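**Q** Structural data only, the sequence is not supplied:
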């Protein structure tokens with residue numbers, strides 16, 4: 001028997017790649033998080049993480065455990081809601097960044113609505129920067145979007161590498177400015193890319209600027225240039241570019257941000273569902 005509490009701790013560590021952050025999110029001491037992982041590893045008879053002073057990485061058995069842990073916790077939550085009856089009701093105006101257009105976010109939202117049938121969910125999809133503006137203006141209650149490392153706003157769901165992508169076989173002329181395909185302003189990734197280009201010192205030009213992921217994908221598939229994407233959310237048909245002569249882009253963090261800090265209600269329930277099941281959003 002695998003303990004659901006230990007499985008929840010395990011998934012949170014896997015998502016955050018940090019025992020301290022996992023404890024903060026779960027409201028547990030770091031020692032308690034470590035104890036949960038040790039007990040789960042003992043129950044499984046396998047090592048689930050390789051941990052040193054700088055990183056926490058899943059082993060092959062840890063990767064396998066994530067596949068078992070999520071459906072166990074989801075089934076546990078459905079059973080609890082069925083017998084307890086969801087008391088959550090009200091309206092939530094939820095904003096999701098364009099990055100999640102091709103992810104499994106619809107699956108997560110469908111499960112949420114099923115579990116909370118008295119919640120009226122209103123979805124807005126757009127650029128992270130625009131969604132944050134709507135959040136600050138009181139037009140949205142909760143946003144799932146990006147932030148730059150070092151930004152303290154929002155609750156971390158996961159961190160990913162920002163990488164260059166293009167159509168398969170795309171060749172870049174080293175003697176020509178880099179052709180960039182970027183989100184329109186305001187965009188978190190656009191700002192990170194242009195700062196990286198300035199530091200790198202290589203000439204560049206913007207060949208396409210779009211407010212949608214489908215626009216970026218279409219331009220890249222047409223061979224117009226290269227576009228930065230989170231490594232775990234690379235759109236279908238595009239591949240990571242490993243060519244030399246490109247600046248590293250660092251990492252990007254995906255977070256949930258609320259307009260205020262309510263103690264209960266649909267916004268709290270949805271934020272908890274996203275942080276607990278964030279791994280489902282990655283293809």
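**A** Looks like it came in fine. Since the structure is predicted, the reported quantities are computational estimates derived from the model, not experimental observations. Residues are numbered from 1 along each chain as shown.

**Q** burial of residue 256, as a residue count?
**A** The number of residues packed near residue 256 is 22, by other Cβ atoms under 10 Å. Glycine gets a C-beta too; all of them are placed from N, C-alpha and C.

**Q** And for residue 160?
**A** Applying other Cβ under 10 Å, I find that residue 160 has 18 neighbouring residues.

**Q** helix or strand for it, which one?
**A** strand 155-166 (DSSP states H and E).

**Q** what is the rounded mean pLDDT of that strand?
**A** The average pLDDT within strand 155-166 is 88.

**Q** now stretch 19-30
**A** pLDDT averaged over stretch 19-30 gives 87.

**Q** ok so, going back, who does the strand holding residue 160 pair up with?
**A** Each strand paired with strand 155-166, and its direction, by DSSP bridges: strand 227-230 (antiparallel), strand 239-240 (antiparallel), strand 251-258 (antiparallel).

**Q** in the last one, what's buried?
**A** By neighbour count, with 16 or more other Cβ atoms under 10 Å as the criterion, the buried positions of strand 251-258 are 252, 253, 254, 255, 256, 257, 258.

**Q** would TSV of those with pLDDT and distance to residue 53 be doable?
**A** Compiled in TSV, those are given as follows (pLDDT from 0 to 100; distance: Cβ to Cβ, whole Å):
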residue	pLDDT	distance to residue 53
252	86	24
253	87	21
254	89	25
255	90	25
256	92	29
257	91	30
258	89	33
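
**Q** Sort out which one of these lies nearest residue 192 for me.
**A** Top of the list for closeness to residue 192, among these and by Cβ to Cβ, is residue 252 at 7.1 Å.

**Q** these two touch, right, the closest one and residue 187?
**A** No. Applying Cβ atoms under 8 Å as the test, residue 252 and residue 187 come out as separate, 11.2 Å apart.

**Q** relative to its centroid, which residue of this protein is most remote?
**A** The C-alpha centroid of the chain is most remote from residue 175, which lies 35.7 Å away (Cα atoms, centre = their mean).

**Q** Residue 182 versus that residue, what's the distance?
**A** Per Cβ to Cβ, to the nearest Å, residue 175 is found 22 Å from residue 182.

**Q** Grab the nearest non-local neighbour of residue 76.
**A** Of all residues not flanking residue 76 in the chain, residue 4 sits nearest, at 5.1 Å (Cβ to Cβ, 6 or more residues apart in numbering).

**Q** Phi first, then psi, for the one you found.
**A** phi -60, psi -40 (degrees, to the nearest 10).

**Q** neighbours around it, how many?
**A** 15.

**Q** buried ones in stretch 204-220?
**A** 204, 206-210, 213, 215-220.

**Q** which residues in the stretch 1-150 of the chain form strands?
**A** 49-51, 56-58, 90-97, 119-126, 142-147 (DSSP state E, counting those that start in this stretch).

**Q** So, low pLDDT: which residues of the stretch 151-283 of the chain?
**A** Scanning the stretch 151-283 of the chain with the threshold set as pLDDT under 70 gives 243, 261-264, 279-280, 282-283.

**Q** coming back round to it: out of the strands of the stretch 1-150 of the chain, indicate the one that is most buried.
**A** Ranked by average neighbour count under the criterion mean count of other Cβ atoms under 10 Å, the strands of the stretch 1-150 of the chain are headed by strand 142-147 at a mean of 24.

**Q** how far away is residue 205 from residue 225?
**A** Going from residue 205 to residue 225 by Cβ to Cβ gives 9 Å.

**Q** Common neighbours of the two, please.
**A** 178, 179, 180 (Cβ atoms under 8 Å, 6 or more residues apart in numbering).

**Q** In space, what's closest to residue 136 - neighbours in sequence excluded?
**A** residue 259 (7.8 Å).

**Q** Make TSV out of the buried residues of stretch 204-220 and add secondary structure and distance to residue 13.
**A** Listed next are those as TSV, based on DSSP: H, G, I helix; E, B strand; the rest coil; distance: Cβ to Cβ, whole Å:
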residue	secondary structure	distance to residue 13
204	strand	39
206	strand	39
207	strand	41
208	strand	39
209	strand	38
210	strand	36
213	helix	29
215	helix	36
216	helix	32
217	helix	33
218	helix	38
219	helix	38
220	helix	34
